[in-house]
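**Student:** Would you be able to build a 3D model of this:
(chains A and B)
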Number of protein chains: 2
Amino acid sequence: MEALAAERRSQVCLGLDPDPSALGPDSAPDADRAGTAERAAAAVTEHCRSLIASAGPACVAVKPQLACFERLGAPGWGALTEVSRAAREAGLLVVADGKRGDVPVTAEAYGQALVGETQTPWGVVEGLCADAFTANPLLGGDAIDPLVDAAAAAGAGVFLLVRTSNPGAAALQDADLGGAPLRERLAELVAERASRLAGKSGLSGMGAVIGATAPEHLERLRELMPDSIFLLPGVGAQGGRVEDLGAALAPDRPASILVAAARSIAGADDPGAAAEQLRAALWELAHDG
Amino acid sequence: MEALAAERRSQVCLGLDPDPSALGPDSAPDADRAGTAERAAAAVTEHCRSLIASAGPACVAVKPQLACFERLGAPGWGALTEVSRAAREAGLLVVADGKRGDVPVTAEAYGQALVGETQTPWGVVEGLCADAFTANPLLGGDAIDPLVDAAAAAGAGVFLLVRTSNPGAAALQDADLGGAPLRERLAELVAERASRLAGKSGLSGMGAVIGATAPEHLERLRELMPDSIFLLPGVGAQGGRVEDLGAALAPDRPASILVAAARSIAGADDPGAAAEQLRAALWELAHDG
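**Tutor:** Reported below is the predicted structural model:
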C-alpha cells in the first residue's frame, strides 16, 4: 500500500456503493437475454467499471460496499467479483467493505470468502481475492484472530471498526467501558495485532475504520495505533472535511490514511475531477503537516 | 413463529453451516457440466436439502450461516437462495445468519438483501426472503433502525447480538459500559424496539442472540427483554447444555426461545434422531418449568 500510494500520489479510496434504482434503463447490456437480477447486475458492473475508469486514476484503492451487491443475489455477487477484478486490473487495491464478524469457526469461513480460498473435493474455489476487508470487533479477540490469520496468509489487510461515521455511533462507541471509551478498547484490539500484519515499511495492514465525522478522536486514536492504516469514511456527503484529518496521519507517512469517498465522487457531474480534487487536497495535507 | 412452534412442538433451529471440504466427491450432481465452484455449490445444496429432509421434521426453523455459502462466490449465494427456498417449502422458518451491521444507508441495502426487494429500471429484484436475520448492534440505534424497518415491512424478525457464544465474548460484552455490562446496553437496544415487531401473541420478533454457553446471564437478560425471542446458539459442540436454558424462557411461552444447533445435528450418525432428541428435551424443559 505504501509504495502504491507514493506512486499514485494518492490516499483516496473510491467507494463503490451502486444503487440499481438510480441507473438508467439503457445501462444494462444484453438486456434481451437475461432476467431482472442479471440485467441489474450487469448495469451495476458497467457503472462501477465506468467510475473506475473516470475516478480511478486519482485513487489508490476501491471499496465495494458488499450490501449493495448482495441485494442483487447471486448475480450481484458475480458483479462484485467482476468489479473487484476490474479494479485490480486498473492497478487499484480492493477493500471489501462487509463489516463481517462472527464466532471463530465462522470467521474462518469469512476469511476464505474474502481473501482466501476453499478446498473442495472438486478442486479449490478462490474467494474474492480482496487486498483488505473491514470487520466488526464486537465478538472479541478470538473472533478477530482467524480473520487476521487469513489476511496474513494472503498478504492482505484488515480494518477493524473503531469509531464509525454514523450519528448514532457515539452512544456505544464513545461510552466509557471499564475506564476508557469503547472506541479505545477497540483500538487496543487493533494495536495488539499490528505486528502480525506489519509491512516492510513499518506501517501495518492491521488497520482501523474511523469516521471522518468525529475528527476530535483522531489524535488519541493515532497515539494508540501508531503503525496502523486508518480507513476514514464520511468525507463529503456525511459531513467530514479533509482539513480536519491532519491528526490521523502518522508522522511522515502519507500512506497511513486511506480516505473513502463514494457519493461525493460518484454523484459529482465529473467524477474524475471530484476524485482528483480530493486527491490533491489530501496529498497537500500529508505533505504540509 | 409462536403458532408454528406449537404446531411442530419444537424450538429447534437447524444450523446450516455447510463445509464443502467435508463433502463426499460423489455428492455433486452434474459434475461433468460445471466448474469447481458450481459443483461445490450443488453439493452444498444437496447436503442441506438432505439435512432438512432428515432433521427438519423435529425443527421449527433453519439458520443458514451466510459465510459458509459466500466462500463459494456467486454459485454459493445461489445455493443459499435455493436452500432457503427448500426450507420454506418444508414448512420451516429461515433465519439468515450474517450478523450484518452498517451505517444507515448501507443497513437499508442489507434489509433489501435479506428480507426486502430492490427496485431497478428492469423490474423488482427479490432478496433472500428470510423470515428473520441476525444483526450486529455495535454501530448503534440509528444503524439498527433501517434493519428493523425492513423487517417490519416484510413481517420478519431481527435478532441482535447481545451476548455471543464464543469464549472471547466476555472481554467486551461483559465489560462494564457506563454502569452496566455492555450486553445489557445491547439488550436495551432490543427492548426499546420490541413493540415495533410485536406479534399478535405478545411475543416480539425483535429478538436477541445469546450464547447458550453463558447461561448465568439468561435470567437478567430475560428480565430486560420480557417479550423478545431469544436465539440461543452454542448447544452441543460449543458446550452449552439444554438443562441450563430454563431461565431463557418467558413464562408460559415455549416459543420465546429458539435453540440453534448445527454440528451436533449435522455431525451425528443419525441427524434426524439427534434433532428429535434435542426437540424433546427442549419441549420438556418448556413444559416442566
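**Student:** In the stretch 1-150 of chain A, where is pLDDT below threshold?
**Tutor:** A:28-33 (pLDDT under 70).
**Student:** Which stretches in it count as helices?
**Tutor:** Assigned by DSSP state H, counting those that start in this stretch, the stretch 1-150 of chain A shows helices spanning A:2-8, A:36-55, A:66-70, A:73-89, A:104-114, A:141-154.
**Student:** Show me how far the first one is from its chain's centre.
**Tutor:** Computed by CA atoms, centre = their mean, to the nearest Å, the separation of helix A:2-8 from the middle of its chain amounts to 17 Å.
**Student:** Check which helices and strands that helix sits against.
**Tutor:** Contacting helix A:2-8 under the criterion 3 or more CB pairs under 8 Å, 6 or more residues apart in numbering or on different chains; DSSP states H and E is no other helix or strand. In this view, the C-beta of every residue, glycine as well, is placed from N, C-alpha and C.
**Student:** Next, format the helices of the stretch 1-150 of chain A as TSV and append mean neighbour count and distance to B:G178.
**Tutor:** What follows is the helices of the stretch 1-150 of chain A, written out as TSV (neighbours: other CB atoms under 10 Å in any protein chain shown; distance: least, CB to CB, whole Å):
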stretch	mean neighbour count	distance to B:G178
helix A:2-8	15	39
helix A:36-55	23	42
helix A:66-70	28	30
helix A:73-89	22	39
helix A:104-114	25	28
helix A:141-154	20	22
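**Student:** Could you export those as TSV, including distance to B:L66?
**Tutor:** Compiled in TSV, these are given as follows (distance: least, CB to CB, whole Å):
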stretch	distance to B:L66
helix A:2-8	31
helix A:36-55	18
helix A:66-70	9
helix A:73-89	11
helix A:104-114	9
helix A:141-154	15
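**Student:** right, so of the ones you listed, which gets closest to B:A42?
**Tutor:** Ranking the helices of the stretch 1-150 of chain A by proximity to B:A42 (CB to CB) places helix A:73-89 first, at 13.1 Å.
**Student:** hmm, the closest one in reach of chain B?
**Tutor:** Yes: Helix A:73-89 lies within reach of chain B by CB under 8 Å from any CB of the partner chain, at A:G73, A:A74, A:P75, A:G76, A:W77, A:G78, A:T81.
**Student:** The fourth one: what's it in contact with?
**Tutor:** Under the criterion of CB atoms under 8 Å, 6 or more residues apart in numbering or on different chains, the neighbours of A:G76 are A:A37, A:A40, A:A41, A:V44, A:C68, A:F69, A:E70, B:W77.
**Student:** at 7 Å what do you get?
**Tutor:** If you count contacts by CB atoms under 7 Å, 6 or more residues apart in numbering or on different chains, A:G76 has them with A:A41, A:F69, A:E70.
**Student:** among those residues, which are within reach of chain B?
**Tutor:** When contact is defined as CB under 7 Å from any CB of the partner chain, the contacts of A:G76 meet chain B at A:E70.
**Student:** and of the contacts of A:G76, the nearest to chain B?
**Tutor:** Closest to chain B out of those is A:E70 (4.1 Å), distances taken as CB to the nearest CB.
**Student:** hang on, that closest one packs against B:Q112?
**Tutor:** No: using CB atoms under 7 Å, A:E70 makes no contact with B:Q112, being 8.6 Å away.
**Student:** now the strands for chain A?
**Tutor:** If DSSP state E is used as the criterion, the strands of chain A fall at A:12-16, A:61-64, A:93-100, A:117-120, A:123-126, A:132-135, A:157-163, A:176-177, A:180-181, A:204-210, A:228-232, A:257-261.
**Student:** would JSON lines of these with distance to A:L249 and mean neighbour count be doable?
**Tutor:** Below are the strands of chain A laid out as JSON lines (distance: least, CB to CB, whole Å; neighbours: other CB atoms under 10 Å in any protein chain shown):
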{"stretch": "strand A:12-16", "distance to A:L249": "14", "mean neighbour count": "28"}
{"stretch": "strand A:61-64", "distance to A:L249": "17", "mean neighbour count": "28"}
{"stretch": "strand A:93-100", "distance to A:L249": "19", "mean neighbour count": "27"}
{"stretch": "strand A:117-120", "distance to A:L249": "35", "mean neighbour count": "20"}
{"stretch": "strand A:123-126", "distance to A:L249": "35", "mean neighbour count": "16"}
{"stretch": "strand A:132-135", "distance to A:L249": "19", "mean neighbour count": "28"}
{"stretch": "strand A:157-163", "distance to A:L249": "16", "mean neighbour count": "27"}
{"stretch": "strand A:176-177", "distance to A:L249": "27", "mean neighbour count": "18"}
{"stretch": "strand A:180-181", "distance to A:L249": "21", "mean neighbour count": "16"}
{"stretch": "strand A:204-210", "distance to A:L249": "12", "mean neighbour count": "27"}
{"stretch": "strand A:228-232", "distance to A:L249": "8", "mean neighbour count": "27"}
{"stretch": "strand A:257-261", "distance to A:L249": "6", "mean neighbour count": "28"}
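**Student:** wait, which of the ones you listed is closest to B:S264?
**Tutor:** strand A:117-120 (23.2 Å).
**Student:** Distance of A:L232 relative to A:H217?
**Tutor:** The spacing between A:L232 and A:H217, counted by CB to CB, to the nearest Å, is 11 Å.
**Student:** What parts of the stretch 101-250 of chain A come near chain B?
**Tutor:** Contact residues (CB under 7 Å from any CB) of the stretch 101-250 of chain A with chain B: A:101-104, A:106, A:109-110, A:112-113, A:118-125, A:127, A:136, A:138-143, A:161, A:164-169, A:171-172, A:175-178, A:182, A:185.
**Student:** 6 Å instead?
**Tutor:** With CB under 6 Å from any CB of the partner chain as the criterion, the stretch 101-250 of chain A meets chain B at residues A:102-103, A:106, A:109-110, A:112-113, A:118-123, A:125, A:136, A:138-143, A:164, A:166-169, A:171-172, A:175-178.
**Student:** could I get the residues of helix A:73-89 next to chain B as a markdown table with distance to A:S264?
**Tutor:** Shown next, in a markdown table, are these (distance: CB to CB, whole Å):
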| residue | distance to A:S264 |
| --- | --- |
| A:G73 | 29 |
| A:A74 | 31 |
| A:P75 | 28 |
| A:G76 | 24 |
| A:W77 | 27 |
| A:G78 | 28 |
| A:T81 | 26 |
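**Student:** what's the closest of the residues you listed to A:L14?
**Tutor:** Closest approach between those and A:L14, by CB to CB: A:T81, at 17.5 Å.
**Student:** The closest one and A:L93: what is the separation?
**Tutor:** 16 Å.
**Student:** for A:A37, what are its contacts?
**Tutor:** In this structure, A:A37 makes contact with A:L72, A:G73, A:P75, B:V125, judged by CB atoms under 6 Å, 6 or more residues apart in numbering or on different chains.
**Student:** thinking again about what came up before, tell me which of the helices of the stretch 1-150 of chain A sits nearest to A:P226.
**Tutor:** Once those are compared by CB to CB, helix A:2-8 is nearest, at 14.8 Å.
**Student:** Show me the contact partners of stretch A:145-165.
**Tutor:** Stretch A:145-165 is contacted from outside by A:104, A:107-108, A:111, A:115-116, A:131-132, A:134-137, A:173, A:183, A:186-187, A:190, A:193, A:196, A:205-211, A:213-214, A:217, A:231, A:233-234, A:238, B:139, using CB under 6 Å, 6+ apart.
**Student:** got the end-to-end distance for that stretch?
**Tutor:** Using CA to CA, to the nearest Å, the end-to-end distance of stretch A:145-165 comes out at 25 Å.
**Student:** how far out from the middle of the chain is it?
**Tutor:** The chain centroid and the centroid of stretch A:145-165 are separated by 11 Å, computed with CA atoms, centre = their mean.
**Student:** What distance separates the opening and closing residues of stretch A:97-106?
**Tutor:** Stretch A:97-106 has an end-to-end distance of 17 Å (CA to CA).
**Student:** With stretch A:134-148 instead?
**Tutor:** Taking CA to CA, the first and last residues of stretch A:134-148 lie 11 Å apart.
**Student:** Pull the distance from that stretch to the chain's centre.
**Tutor:** Per CA atoms, centre = their mean, the displacement of stretch A:134-148 from the mean C-alpha position of its chain is 16 Å.
**Student:** Please apply the same query to stretch A:211-222.
**Tutor:** Distance of stretch A:211-222 from the chain centroid (CA atoms, centre = their mean) equals 17 Å.
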